[in-house]
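J.: Build me a model from this:
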Amino acid sequence: MASTTFITDEKGKRISAIVPIKKYEALLLEAEELEDIKAYDKAMGRKQEFVPLELAIEKIEVIRNKKK
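T.: Below you'll find the predicted structure:
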């Protein structure tokens, strides 16, 4: 696999990187997976209240009727 190429400023400080497309796509996939894991962890950390389906439907209908 090709190596990463760096772009530097006039002082030699790395300011950008050029990576092979396969590596870039792998990095994007990993970032998306990490985002999903964080969202899952956040959702699971909240207190959850379970409502019977019939009651949930009734509440939704009440909200819909108020919007009309």
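
J.: in the chain, which spans are helices?
T.: Taking DSSP state H, the helices of the chain run over residues 21-45, 53-67.

J.: For the longest one, the averaged confidence score.
T.: The predicted model assigns helix 21-45 a mean pLDDT of 94.

J.: In this protein, which residue is most central in space?
T.: Glu35 (3.6 Å; Cα atoms, centre = their mean).

J.: Just give me the neighbour total for Ala19.
T.: Just so we're on the same page, residue 19 is Val rather than Ala. 16 (other Cβ atoms under 10 Å). Every C-beta, even on glycine, is put in place using the N, C-alpha and C of the backbone.

J.: quick one: it and Thr4 touch, right?
T.: Yes: using Cβ atoms under 8 Å, Val19 is in contact with Thr4, at 5.0 Å.

J.: ok, now how distant is Phe6 from Glu30?
T.: Computed as Cβ to Cβ, to the nearest Å, the Phe6 to Glu30 distance reads 20 Å.

J.: do Ile18 as well
T.: 19 Å.

J.: before we move on, what about Glu54?
T.: Remark: distance between Glu54 and Glu30 (Cβ to Cβ) = 42 Å.

J.: Kindly report the same for Phe50.
T.: 33 Å.

J.: Tell me which of the two has more neighbours.
T.: Neighbours per residue (other Cβ under 10 Å) separate Phe50 from Glu30, with Glu30 holding more: 10 against 5.

J.: before we move on, the earlier item: now distance to Gly12 too, for the helices of the chain, in CSV please.
T.: As requested, the helices of the chain are exported to CSV (distance: least, Cβ to Cβ, whole Å):
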stretch, distance to Gly12
helix 21-45, 23
helix 53-67, 60
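
J.: Next, the contact list for Leu27, please.
T.: Val19 (Cβ atoms under 8 Å, 6 or more residues apart in numbering).

J.: Now with 6 Å, please.
T.: Listed by Cβ atoms under 6 Å, 6 or more residues apart in numbering, Leu27 has no contact partners.

J.: and it, how far is that from Val19?
T.: 7 Å.
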